[in-house]
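Novice: Coordinates for the following, if possible.
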Amino acid sequence: MADQNVPPRRPRDDRGWDGRQHHTSDTYGDPTASGSYGNDSPHPYQGGYPAQGDPREQYGDGYAYNAQPAPAPRGPQWVGPEGLGRPAPSGPAGAGLPTLDDDDQPGRKVGRRKAMAALGGTAAVVAGGAALAMTPQFRDLFGDEASADATGSTVTDGTAARPSGQQPSTVRTYTEQNESYMGSRAGEALKKNAPAGGRTLSGPAAAAAATTVTVKTVLAKDPILHLARRTTFGATPAVVADIKKQGIDAWIRGQLDPDKIEPSKAELKLSELPTQSLSVQQLRDQRDKLNDQGAQPEREVVDATLARQIWSKRQLFEVMVDFWNDFLHIAADFDGGEVYRTSFDKDVVRKHALGSYPEMLVAANKHPALLIYLNQKDSRKDAINENLARENLELYSVGVDGGYKEGDVRQAAMLQTGRGVDDKGQYVLRVNQHYMGKVKILGFTHPNTFSIKDVNNPTAKEIAAVDAAIDKYITYIALHPSTAKYVAQSLATRFVSDTPPKSLVDRLAKTYSSNNGMIKPVLMTLFSSSEFWAAVGQKVRRPMEYLVATYRTLGVSPEASAKNDNGDNKRTPFARGLRQIHDKLRELGQYPMGQPTPDGYPDVYVAWTSAGTMVNGWNEAGEIVAGYRTVFTYTAPEKLVKPPATAGAYVDALSLRLVGQKLSTREKNLILGVAGVSATAKVDATFNGAITAVARAILASPQHHLR
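Specialist: Residues are numbered from 1 along each chain as shown. The predicted model follows:
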């Protein structure tokens, strides 16, 4: 992670957004509730991003106001790729653990709580395994020598060896963080079930046809279902039908060309989020009006992202947006996010998500959001801040083991001095604050000297020359072989398994390098590889993915239901509903752009093992099935399928509808126990009154937790 000895909190740009003078998000489950806070409301971030573990500011409505919620408690219980296994050790539920309804009612063969626990809690891939803390592990790097060219002759606010006066510390990169988790006992067990090496074929369809799935999994070994689960936020009947109609190759090609895919109804309704169409300048100019309206731009960008994840037809694009939001991560709730995070989402992540990663990294390094988030705006030649320079190497390019040393970080920090944000909120390069002198960074060298007549009044051409030197370095590290491997490893972890085969990572890295960091060719190599198609059931949905997939599979519509009371005249039902989902995900510990530190969320199963989160997710699935969120329109559970006459056939039909396959006999019997009936019992459309509980139980199965 970047150095912790960061400059003091930045002064708010221009008039600022004094203490966020607007109400917080909806109290989940009560869309009419809100609160307001005045100018004296404290802000949890004291400049840049906070150290993990910062206390949250609590307010009367029970929510943490513009603060990162504590991660969900992590324990050894969750469904894993092997399906039903041995029970994990039991432990106290803890305060606030949701209680499942109707446990052990008279006449019920299996209590709902017991049945749900049997479906989900005992489906962990391993029994036992210590809970894993999310706090990053730091390594001591004191005592490194500085490179002579960039640091030897300049003494600023620190010493000759460290001009910035900062002390180095590191956190594992996105990839290294995942590997750290996978080094646990649970990770070792997962590795034994990972697909072995493979090869790249002529195309995705050819690879699917030539690959035999040998890993142990409860999921159906259907390539179309596998593709739908991995490249979307949840398979739906419509997605599966589209893949079957178009064919695997044509469907993937279409997803890789998202501009040609028509927007969904929900995407057209994003105009109901008033800040999402505003520029940085408009957000600054209209801040008082937006405050009065209760608009929160840094939250609305999260709301809009969730809408796209649930309803967009450009699903692979949205999956890649989520990937880059973890890889090149900026928290939405940072001090400045209210003005700049929406622009970063649009102009950096979404613009380049399926394009060139070097271009994305160059654009990010000139965007006010990143320059403020990592304190680059405060870095000048006589007071150097290393945060962005360090994260460019550790997190955004070569990785912590990518070959760089502390001297490289310092020289990179010197090369990047002068970049900042002007009084209008725009990127600016202040030549008079740029360090001049030769630099050598991880094999990149540049004289970094320029013929400038007046550094206090440089010409546009002179500014462009300095800017180009920094861009050249950023492009260099983005195309470095270590970056190619780092991006390849991260993509393989996202799409294939928590322990992707080295053979695949090597081929993806080669494609990345030979295509100058273009992402589409890398994805085509991935989807044309046998390792991808062999990895059925080897990824577990994280909390956000589980909830979004639940909305998708239940066919929830973005239009308000007839029961909606329109209790908030400041926002539409659609806007309120998105905020409710957003707030629920805060409870579950994962939401778009939610990690407060720049390392992004981990993407491996063992980092998200939590009994409390799992039960909370099940209960929320029950709320959705029952249609309690009246801000959206739901299909009544008894109308999800044409109900068969017997309970066993009904469970089979409902399982095919919700998870794309029938459940095992044991799992089906557990679900029948939830309703207290036998497989041959006659039931009506409401499953004799138990349809909501039955549907929720199916959504607690391993088949819905896996992707």
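Novice: Would you map the strands across this protein?
Specialist: 419-421, 427-429, 439-441, 444-446 (DSSP state E).
Novice: what sits up against the last one?
Specialist: Contact partners of strand 444-446, identified using CB atoms under 8 Å, 6 or more residues apart in numbering, comprise 415, 438-439, 469, 472-473, 476-477. C-beta: built from backbone N, CA, C; applies to glycine.
Novice: Buried among those? Need that as a selection in ChimeraX.
Specialist: Entered in ChimeraX, the line below selects the buried ones among the contacts of strand 444-446, by 16 or more other CB atoms under 10 Å:
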select :415,439,469,473,476,477
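Novice: just the contacts of strand 444-446 now: which is nearest residue 346?
Specialist: residue 477 (24.4 Å; CB to CB).
Novice: From residue 483, how far out is that closest one?
Specialist: Taking CB to CB, to the nearest Å as the measure, residue 477 and residue 483 are separated by 6 Å.
Novice: follow-up on the earlier one: out of the contacts of strand 444-446, which two sit at the greatest distance?
Specialist: The widest separation within the contacts of strand 444-446 (CB to CB) is 17.6 Å, between 438 and 477.
Novice: before we move on, the earlier item: among the contacts of strand 444-446, which ones are in helices?
Specialist: 415, 469, 472-473, 476-477 (DSSP state H).
Novice: Dump those to TSV, plus pLDDT and distance to residue 214.
Specialist: Formatted as TSV, the ones in helices among the contacts of strand 444-446 follow (pLDDT from 0 to 100; distance: CB to CB, whole Å):
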residue	pLDDT	distance to residue 214
415	98	50
469	98	52
472	98	47
473	98	45
476	98	41
477	98	39
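Novice: nearest to residue 492, of these?
Specialist: Of these, the one sitting nearest to residue 492 (CB to CB) turns out to be residue 477, at 20.8 Å.
Novice: Verify the stated contact: that closest one with residue 399.
Specialist: No. Residue 477 is beyond contact range of residue 399, at 10.6 Å (criterion: CB atoms under 8 Å).
Novice: Need the overlap of contacts for those two.
Specialist: With CB under 8 Å, 6+ apart, residue 477 and residue 399 have common neighbours residue 483.
Novice: Out of the strands of the chain, which is closest to residue 692?
Specialist: With CB to CB as the yardstick, what comes closest out of the strands of the chain is strand 419-421 (51.3 Å).
Novice: That closest one: partners in the sheet, and parallel or antiparallel?
Specialist: Strands that pair with strand 419-421, judged by DSSP bridges, come out as strand 427-429 (antiparallel).
Novice: How far off centre is the partner strand?
Specialist: Relative to the centre of its chain, strand 427-429 is centred 29 Å away, using CA atoms, centre = their mean, to the nearest Å.
Novice: mind starting the numbering at 594 from now?
Specialist: Shifting the count to begin at 594 puts that one at strand 1020-1022.
Novice: Quick check: mean pLDDT of it?
Specialist: For strand 1020-1022, mean pLDDT is 98.
Novice: can you list contacts of that strand?
Specialist: Here strand 1020-1022 makes contact (CB under 8 Å, 6+ apart) with 959-961, 964, 1011-1015, 1056, 1059-1060, 1063.
Novice: any idea how far residue 898 is from the residue lying closest to residue 1153 once chain neighbours are set aside?
Specialist: Of all residues not flanking residue 1153 in the chain, residue 1166 sits nearest, at 3.7 Å (CB to CB, 6 or more residues apart in numbering). Using CB to CB, we find residue 1166 at a distance of 19 Å from residue 898.
Novice: before we move on, the earlier item: ok, the contacts of strand 1037-1039 vs residue 859, which is closest?
Specialist: Looking across the contacts of strand 1037-1039 and measuring by CB to CB, the closest to residue 859 is residue 1070, at 37.8 Å.
Novice: residue contacts, residue 874?
Specialist: Counting by CB under 8 Å, 6+ apart, residue 874 has contacts 1017-1018.
Novice: And it, what's its pLDDT?
Specialist: 94.
Novice: ditto for the one 4 residues further on
Specialist: Reading off the per-residue confidence, residue 878 sits at a pLDDT of 92.
Novice: now the farthest one out in the protein, which residue is it?
Specialist: residue 1046 (46.8 Å; CA atoms, centre = their mean).
Novice: just to revisit the earlier point, of the strands of the chain, which approaches residue 983 most closely?
Specialist: Taking the strands of the chain one by one with CB to CB, strand 1032-1034 is closest: 12.0 Å.
Novice: List the strands paired with that closest one, with their directions.
Specialist: Strand 1032-1034 has these strand partners (DSSP bridges): strand 1037-1039 (antiparallel).
Novice: May I see the buried residues of the partner strand?
Specialist: Buried residues in strand 1037-1039 (16+ other CB under 10 Å): 1037, 1039.
Novice: how far out from the middle of the chain is it?
Specialist: That offset, for strand 1037-1039, works out to 34 Å (CA atoms, centre = their mean).
Novice: Check stretch 990-1004 too.
Specialist: 25 Å.
Novice: Kindly report the same for stretch 1029-1043.
Specialist: With CA atoms, centre = their mean, you get 35 Å for stretch 1029-1043.
Novice: With just CA atoms, put that stretch into CSV.
Specialist: In CSV, the C-alpha atoms belonging to stretch 1029-1043 read as follows (Å, rounded to 0.1, in the frame of the first residue of the first chain):
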residue,chain,number,x,y,z
MET,A,1029,14.1,17.9,-13.4
GLY,A,1030,16.9,15.4,-13.7
LYS,A,1031,17.6,11.9,-15.1
VAL,A,1032,15.4,9.1,-13.9
LYS,A,1033,15.8,5.3,-14.2
ILE,A,1034,12.8,3.2,-13.2
LEU,A,1035,12.6,-0.5,-13.7
GLY,A,1036,14.6,-0.3,-16.9
PHE,A,1037,12.9,2.9,-18.1
THR,A,1038,15.3,5.8,-18.5
HIS,A,1039,14.6,9.4,-19.4
PRO,A,1040,16.8,12.6,-19.1
ASN,A,1041,13.8,14.5,-17.7
THR,A,1042,15.3,17.8,-18.6
PHE,A,1043,13.6,20.3,-20.9
